[in-house]
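Trainee: compute the structure for the input listed below.
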Amino acid sequence: MVNFDLIFALIFYGLILIIFFKTRKRWEVHGILALFKTKIGISLMNKLAKKDTKPVILFGTFISIVSIIIIFIGISFSKTYLIGIGGIFLTIGLLMAMPIKILGHIGVALGFLGMAFIFFILIKSSFSLFLVEDAQPSVAPVLPGVKIPGLPTLSFWHWIISIFLLAIVHEFSHGILARAYNLNVKSSGFGFLGPILLAFVEPDEKQVAKSPQKAQLSLFAAGPFANFIFALLIVLFSLFILAPFSQSIFEYDGITISGFIPDYPAEKSGLKTPFVIKSVNGVQTLNLLEFINTTQNIKPNQKIALMTDQGAFTVITTTDPNNSSRGFIGIQGLTQKTKTKENVSEFVGTSFTWVSLLFMWLFFINVGVGLFNLLPLGPIDGGRMFYVVALKIFKNENKAKKVWMFAMYFVLFLIVINFIPWLTKLVTFITKLFT
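Mentor: Next up, the predicted model:
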């Protein structure tokens, strides 16, 4: 089978190398980091940083009020697209109506909540990896071709587009907050960290270090906060506009199961993953709601008949480890399978699926990378926020640095634990290539 992702990657990076060597003098190279510095977007940052004028605030308030009315109309008449449009414009209206420094403070509060959340998730998953059989790590490499449980395989173009848009939203927001506090932005541009495409904004670090702590915290939190806002807009558009529109293109065609939980009945049934469940005990289950309604009352030690794309199979349930009153067969990675309607061309269906997957990856990558960026690690946003707070608490640079370093090494230790399963898979994959 032709690996199109590999072909696209070779073409893309081949073109990048040609551009790099033709414009070599414009690039700054530091090890595996290469930066192409420009002034692109700085004038727009300046304009957006000064948005707190009466006309903009009034217009934002007007948009917010109209959006709330649209949402109520959508709810009243069951028009999901109106709810989505209202939600999107309500978010935009609030961003316009709120003073930018207030948004910065909200970003700081959300940033520390996010830091506590991802820190808790890291600790919990680290314990689970040692104590719970087949537990999944909470950290995953966001790279094309990597299979993350419960998600489809990330394609090359979905990866490139998602990472680039994430970086633009993240870094542009840093620039806006820097200018809002009258901190100079020296340059902007794009670059590569090894194979990973990135965008950047370069504020004057000397000015940043001398600025008030609230300005520093707002600046550092701006990137993750913008990623979360972007993710919110993506999910509103996907749920209330894309999803209803998909019903005119696709029809449900079963539930795809991508994995087994080891030593449970499904694994021993003779089924091979992935497979598609069409019915359970003779009841049609072509969509997730039908599947949930049909299986929610299944008890332990109950015989169930599965009709799948691989034929009919009978499985006897065991006890659900999380609920002793429910039956369990040990399947995971459930996704909705669809097929294009007869009156719709395959090209339209394929294109819509590609766009839908792009929006899905934009959501997950913005949330995931945004949260990861809030960890108290070295030079990333969370690390810088943590150090500013430590310095404020201890009022002593040496003590603050010691606390910061301890937190950083502890988090690195947790990340390494969570990466061990991925490293094991990589070693297994390489071993198979040479055996």
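
Trainee: OK, contacts around residue 361?
Mentor: Applying CB atoms under 8 Å, 6 or more residues apart in numbering, we find residue 361 in contact with 154, 158, 159, 162. Backbone N, C-alpha and C define where each C-beta goes, glycine included.

Trainee: just residue 381 next, same as before
Mentor: So residue 381 contacts 111, 220, 221, 223, 224, 373, 374 (CB under 8 Å, 6+ apart).

Trainee: could you redo the last one with a cut-off of 10 Å?
Mentor: Contact analysis of residue 381 by CB atoms under 10 Å, 6 or more residues apart in numbering lists 111, 115, 170, 174, 217, 219-225, 370, 372-375.

Trainee: picking that back up, for residue 308, state which of the contacts of residue 361 is nearest.
Mentor: Ranked by distance to residue 308 (CB to CB), these are led by residue 154 at 26.5 Å.

Trainee: next up, phi/psi of the closest one, please.
Mentor: Dihedral angles of residue 154 (phi, psi; degrees, to the nearest 10) stand at phi -80, psi 120.

Trainee: okay, the contacts of residue 361 in a markdown table with neighbour count next?
Mentor: As requested, the contacts of residue 361 are exported to a markdown table (neighbours: other CB atoms under 10 Å):
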| residue | neighbour count |
| --- | --- |
| 154 | 23 |
| 158 | 21 |
| 159 | 22 |
| 162 | 22 |
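
Trainee: where in this protein is pLDDT low?
Mentor: Within the chain, the ranges that satisfy pLDDT under 70 run 1-2, 133-134, 150, 429, 433-435.

Trainee: could you pull out the strands in it for me?
Mentor: Using DSSP state E, the strands of the chain run over 27-30, 33-38, 185-193, 196-203, 250-260, 275-280, 283-284, 303-308, 311-316, 318-320, 323-328, 331-340.

Trainee: show me the contact partners of the second one.
Mentor: If you take CB under 10 Å, 6+ apart as the criterion, strand 33-38 is touched by 16, 19-20, 23-24, 26-29, 186-194, 196, 198, 200, 202.

Trainee: partner strands of that strand, parallel or antiparallel?
Mentor: Using DSSP bridges, the strands paired with strand 33-38 are strand 27-30 (antiparallel), strand 185-193 (antiparallel).

Trainee: the last one too?
Mentor: Pairing partners of strand 331-340, with direction, according to DSSP bridges: strand 250-260 (antiparallel).

Trainee: what angle do the strand it pairs with and strand 275-280 make?
Mentor: Interaxial angle of strand 250-260 relative to strand 275-280 (axes from the mean of the first three to the mean of the last three CA atoms, to 10 degrees): 110 degrees.

Trainee: what are the buried residues along strand 250-260?
Mentor: For strand 250-260, a neighbour-count test (16 or more other CB atoms under 10 Å) marks 250, 252, 253, 254, 255, 256, 257, 258, 259, 260 as buried.

Trainee: again with stretch 20-38
Mentor: So for stretch 20-38, counting by 16+ other CB under 10 Å, buried means 20, 27, 34, 35, 36, 37.

Trainee: so what's the first one up against?
Mentor: Yep, that's residue 20 we're talking about. Contacts for residue 20 (CB under 10 Å, 6+ apart) come out as 13, 26, 27, 29, 34, 36, 192.

Trainee: please name the nearest non-neighbouring residue to the last one.
Mentor: What it means is residue 192. Spatial nearest neighbour of residue 192, chain neighbours left out: residue 34 (5.0 Å); criterion: CB to CB, 6 or more residues apart in numbering.

Trainee: okay, now residue 193: neighbour count?
Mentor: A total of 13 residues lie near residue 193 under the criterion other CB atoms under 10 Å.

Trainee: where's it relative to residue 163, distance?
Mentor: For residue 193, the distance to residue 163 equals 10 Å [CB to CB, to the nearest Å].

Trainee: same question for residue 284.
Mentor: Going from residue 284 to residue 163 by CB to CB gives 40 Å.

Trainee: determine which of the strands paired with strand 33-38 approaches residue 53 most closely.
Mentor: That would be strand 185-193 among those, by CB to CB, at 20.7 Å.

Trainee: thought residue 98 was touching residue 107?
Mentor: No. If you go by CB atoms under 10 Å, residue 98 and residue 107 don't touch, sitting 11.0 Å apart.

Trainee: between these two, which one's more packed in?
Mentor: Legend: neighbour count by other CB under 10 Å for residue 98 and residue 107, higher for residue 107 (25 against 19).

Trainee: list the contacts for that one?
Mentor: Residues in contact with residue 107 (CB under 10 Å, 6+ apart) are 114, 173, 177, 217-226, 228-229.

Trainee: quick check: closest non-adjacent residue to it.
Mentor: In space, and not counting its chain neighbours, residue 107 is closest to residue 225: 3.3 Å by CB to CB, 6+ apart.

Trainee: same deal with residue 23?
Mentor: Closest to residue 23 by CB to CB, 6+ apart is residue 36, at 7.5 Å.

Trainee: can you check residue 75 too?
Mentor: residue 83 is the one closest to residue 75 (CB to CB, 6+ apart), at 6.4 Å.

Trainee: so the one you found makes contact with residue 73?
Mentor: Yes. Using CB under 10 Å, residue 83 is in contact with residue 73, at 9.0 Å.

Trainee: looking at the two, which one has more neighbours?
Mentor: Between residue 83 and residue 73, counting by other CB under 10 Å, residue 83 is the more crowded of the two (21 against 13).

Trainee: how about the contacts made by that one?
Mentor: Taking CB under 10 Å, 6+ apart as the test, what residue 83 contacts is 70, 71, 72, 73, 74, 75, 236, 239, 240, 241, 244.

Trainee: now do stretch 285-299: distance to the chain's middle.
Mentor: In terms of CA atoms, centre = their mean, to the nearest Å, the centre of stretch 285-299 is set 28 Å apart from its chain centre.

Trainee: who's in contact with it?
Mentor: In contact with stretch 285-299 (CB under 10 Å, 6+ apart) are residues 251-255, 276-284, 304, 306-307, 317, 319-320, 325-329, 334-338.

Trainee: hmm, try it at 8 Å
Mentor: With contact meaning CB under 8 Å, 6+ apart, stretch 285-299 is reached by 252-255, 277-281, 283-284, 304, 317, 325-327, 334, 336.

Trainee: kind regards, and thank you for your time.
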